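1. what's the 3D shape of this:
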Amino acid sequence: MTQCEINHKADAKSIDLSYTPEVQKETAHLYDKVSHVVPEIEWPAFAPYVKAINDLKKEKGAIILAHNYMTPEIFNCVADFTGDSLQLAKLAAETDAQIIVQAGVHFMAETSKILSPDKTVLIPDMKAGCSLAESITGEDVRLLKQKYPGVPVVSYVNTSADVKAESDICCTSSNAVQVVESLGVDRVIMTPDEYLAKNVATMTDVEIITWKGRCEVHEQFTYEDIEELRAANPGIKVLAHPECPPDVMAAADFAGSTSDMIGYVQNEKPDSVVLVTECSMSDNVAVENPDIDFIRPCNMCPHMKRITLQNILHSLQHMEHEVLIDEDVAARAREAVQRMVDLPAPKVVGPKFKTNQPPAQVELVAVA
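-> As a prediction, the model looks like this:
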């Protein structure tokens, strides 16, 4: 038996996790919400944890932030706020809650701590990492700045606090083009996502120097995958995330962040759609759009899936595992995030990336 299993067994002794008629009654409205994406046979295993977590949140005055890639029983049944990573961190900073449980990966918990330095930020599993965040370090950024003196650094929010602290400004997949152009320069360093940088480069005249970091979920999608999806599902709308390779973006009908894709589905109401991103997001969007047919190519993020109802309950019950950041690092990272937050809202609402664009020349570098 692993230590994790021992801990959860101990939790079970102190909190009754039986599927009683009372639990069934108190969680029925939540199951009604997710019934077409969570099999009925699974609900008796989920419901006791859902009730226990929601009760414990109230007792401790805590909130749970759930990223769009969380499984539906977490996203829809225990989360207080849902969305993309930066949206969640900003919402957490605006609440009075002093305890934040981050149902997402480690860099997201760090971003919440950066924007809420006086609050307790917990992550249910410290091993919930990210291939992008782990592809680059603060030392790498310092070496890049030595190689390209005077060139400003734009870092994706999908990075560690240490990387943010070495950056001039942060960006999201939704505002990346706006951030790059806001600096008023001819060339920028953009880390760490190679594909996001290449896709941004098709939308701007700014020269981009980037890093060879990739999301292990989005890099798996190929142009051939999109063609096969269209052949098997005539008339389907294809929505791609800008962490995908450029040829996948070019093959899509729409390209944008997770929030942009959700907005497209809600506004356009396609008969059938495929979200070319982590697979749990389709379930979560389908909950609010039951009349739309979602085709699900299941590329799963193993890091996101480390977060479960069981370890959320354990984290909240025992106040584990707290995310802490060196004060100097957090202060400098906060400046980079704040510069992005302070940018004016875009005047035009619509696709953040054009599809069917020619590939852009991007300087791809690595430093020893």
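
2. can you tell me how far Ala240 sits from Thr204?
-> Distance of Ala240 to Thr204, computed by C-beta to C-beta, to the nearest Å: 19 Å. Every residue, glycine included, has its C-beta placed from N, CA and C.

3. Check Pro246 too.
-> According to C-beta to C-beta, Pro246 and Thr204 sit 14 Å apart.

4. can you check Tyr195 too?
-> With C-beta to C-beta as the criterion, Tyr195 and Thr204 are 15 Å apart.

5. which of these two has more neighbours?
-> Higher neighbour count among Tyr195 and Thr204: Tyr195, with 22 against 15, using other C-beta atoms under 10 Å.

6. pretty sure the more buried one is touching Asp247, no?
-> No: checked against C-beta atoms under 8 Å, the pair Tyr195 and Asp247 is beyond contact range at 10.1 Å.

7. Need the distance between the two termini of stretch 242-252.
-> Distance across stretch 242-252, first residue to last, is 11 Å (C-alpha to C-alpha, to the nearest Å).

8. Could you list the buried residues of it?
-> Buried residues in stretch 242-252, counted by 16 or more other C-beta atoms under 10 Å: 242-246, 248-252.

9. Out of the residues you listed, name the ones that lie in helices.
-> Judged by DSSP state H, the buried residues of stretch 242-252 include 246, 248-251 as members of helices.

10. so Ile41, which of the three states?
-> Ile41 falls in the helix class when you classify it by DSSP: H, G, I helix; E, B strand; the rest coil.

11. which residues of the stretch 101-250 of the chain score low on pLDDT?
-> The stretch 101-250 of the chain contains no residues with pLDDT under 70.

12. residue ranges of the helices in it, please?
-> For the stretch 101-250 of the chain, the helices defined by DSSP state H, counting those that start in this stretch cover 106-115, 138-147, 161-165, 176-182, 194-201, 223-232, 246-251.

13. Take the second one, keep the C-alpha atoms, and write them as CSV.
-> Output of helix 138-147 as CSV, limited to C-alpha atoms (Å, rounded to 0.1, in the frame of the first residue of the first chain):
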residue,chain,number,x,y,z
GLY,A,138,15.0,31.1,-14.6
GLU,A,139,18.7,30.4,-15.3
ASP,A,140,17.8,29.6,-19.0
VAL,A,141,16.0,33.0,-19.3
ARG,A,142,19.0,34.8,-17.7
LEU,A,143,21.2,33.2,-20.4
LEU,A,144,18.8,34.1,-23.1
LYS,A,145,19.0,37.7,-22.0
GLN,A,146,22.8,37.6,-22.1
LYS,A,147,22.6,36.2,-25.6
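
14. elements contacting that helix?
-> strand 153-156, helix 161-165, strand 187-191, strand 207-211 (3 or more C-beta pairs under 8 Å, 6 or more residues apart in numbering; DSSP states H and E).

15. Go through the last one and flag the buried ones.
-> Applying a neighbour-count criterion of 16+ other C-beta under 10 Å, one finds 208-211 buried in strand 207-211.

16. quick one: which of those is nearest Glu181?
-> Nearest to Glu181 among the buried residues of strand 207-211 is Ile208, at 11.3 Å by C-beta to C-beta.

17. Now do the contacts for that closest one.
-> Counting by C-beta atoms under 8 Å, 6 or more residues apart in numbering, Ile208 touches 180, 187-190, 197-198, 200-201, 360, 362-363.

18. again with Glu227
-> Ala251.

19. quick one, domains of this protein?
-> The chain breaks down by automatic domain parsing into domains covering 1-130+204-326+349-368, 133-203+327-348.

20. gap between the shortest one and the chain center?
-> Between the centre of domain 133-203+327-348 and the centre of its host chain there is 17 Å, according to C-alpha atoms, centre = their mean, to the nearest Å.

21. cool, and stretch 80-94?
-> Chain-centre distance of stretch 80-94: 11 Å, with C-alpha atoms, centre = their mean.

22. I would like the residues contacting it, please.
-> Against stretch 80-94 from outside (C-beta under 8 Å, 6+ apart): 57, 63-68, 70, 75, 100, 102, 104, 107-108, 111-112, 114-116, 119, 157-158, 172, 174, 257-259, 284, 337, 341.

23. and that stretch, which residues are buried?
-> 80-92.

24. quick revisit: can you flag the buried ones in the contacts of stretch 80-94?
-> Using 16+ other C-beta under 10 Å, the buried members of the contacts of stretch 80-94 are 57, 63-68, 70, 75, 100, 102, 104, 107-108, 111-112, 114-116, 119, 157-158, 172, 174, 257-259, 284, 337.

25. Now stretch 171-186 - C-alpha only, CSV.
-> Provided in CSV are the C-alpha atoms of stretch 171-186 (Å, rounded to 0.1, in the frame of the first residue of the first chain):
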residue,chain,number,x,y,z
CYS,A,171,1.0,36.4,-21.7
THR,A,172,-1.8,33.9,-22.0
SER,A,173,-2.7,32.0,-25.2
SER,A,174,-5.6,34.4,-25.5
ASN,A,175,-3.7,37.7,-25.3
ALA,A,176,-0.2,36.6,-26.6
VAL,A,177,-0.4,38.7,-29.8
GLN,A,178,-1.6,41.8,-27.9
VAL,A,179,1.2,41.4,-25.4
VAL,A,180,3.9,41.0,-28.0
GLU,A,181,2.7,44.1,-29.9
SER,A,182,2.2,46.2,-26.7
LEU,A,183,6.0,46.4,-26.1
GLY,A,184,6.5,48.5,-29.2
VAL,A,185,9.7,46.7,-30.3
ASP,A,186,10.9,44.9,-33.5
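
26. How about the contacts made by the residue nearest to Glu243 when sequence neighbours are not counted?
-> Residue nearest to Glu243 in three dimensions, not counting chain neighbours: His218, with 3.9 Å by C-beta to C-beta, 6 or more residues apart in numbering. Residues in contact with His218 (C-beta under 8 Å, 6+ apart) are 195, 241, 243-245, 276-277, 299.
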